[in-house]
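A.B. asks: Test case, fold it:
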Amino acid sequence: VQLQASGGGLVQAGGSLRLTCAASARTFRTYAGAWFRQAPGKEREFVGGISTSGSRTYYADFAKGRFTISRDNAKNTVYLQMNNLKLEDTAVYYCAAGDYNGPYDSWGQGTLVTVSS
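C.D. replies: Down below sits the predicted model:
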C-alpha cells in the first residue's frame, strides 16, 4: 500500500497540528497504522500506533497525553493530532502501515514539523 503524509508545517511551541496519512488502497483497513519521526541528527523513533479498527492505540512515552492517533477507514486515512507541541517535537514525521506489533513495511515520504519558540 502506498502512503502519503501531509499536514506538517511551522508552529509555535504550545500550538497544535494535525498530520494526515492517506493510503492508496481500500485494503489499508486491513493494516495497522503508525507514526514515526526523525529529528535532525537522530535516529527514527516510534510515535504511536493504531489497530486496524482503530479500537486500540499505543504511544511512546513522550507522546502520551499530547498526541492522538485516529483513523477513518472509509477514507483510507490515519491522523496524528499533536497538541502542546514542544521544540523537541521538531522532526520529519512518517506514517507507516503493517502489523500492530510490527513490522511496519509500508512507509510514506514524511512531512516536516518545525516547532519554534
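
A.B. asks: pLDDT averaged over stretch 79-92 - what is it?
C.D. replies: Average pLDDT, stretch 79-92: 98.

A.B. asks: how long is that stretch end to end?
C.D. replies: 15 Å (Cα to Cα, to the nearest Å).

A.B. asks: Helix, strand, or coil at the spatially most central residue of the chain?
C.D. replies: Most central in the chain under Cα atoms, centre = their mean is Trp35, positioned 3.0 Å from the mean C-alpha point. Classification of Trp35 using DSSP: H, G, I helix; E, B strand; the rest coil returns strand.

A.B. asks: Was I right to think it contacts Ala97?
C.D. replies: No - applying Cβ atoms under 8 Å, one finds Trp35 not in contact with Ala97, separated by 10.9 Å. Bear in mind the C-beta positions are built from the backbone N, C-alpha and C, glycine included.

A.B. asks: now the worst-scoring helix or strand of the chain on mean pLDDT, how far from the centre of its chain.
C.D. replies: Lowest by mean pLDDT, DSSP states H and E among the helices and strands of the chain is strand 104-107, with a mean of 93. Relative to its parent chain, strand 104-107 has a centroid offset of 12 Å by Cα atoms, centre = their mean, to the nearest Å.

A.B. asks: tell me what the next helix or strand after it is packed against?
C.D. replies: Using DSSP states H and E, the helix or strand that directly follows strand 104-107 along the chain is strand 111-116. On a contact count with 3 or more Cβ pairs under 8 Å, 6 or more residues apart in numbering; DSSP states H and E, strand 111-116 meets strand 9-12, strand 17-23, strand 91-98.

A.B. asks: tell me the most buried of these?
C.D. replies: Highest mean neighbour count among the helices and strands packed on strand 111-116 (mean count of other Cβ atoms under 10 Å): strand 91-98, with a mean of 22.

A.B. asks: That one: partners in the sheet, and parallel or antiparallel?
C.D. replies: strand 32-38 (antiparallel), strand 104-107 (antiparallel), strand 111-116 (antiparallel) (DSSP bridges).

A.B. asks: Where among these is average confidence lowest?
C.D. replies: strand 104-107 (a mean of 93).
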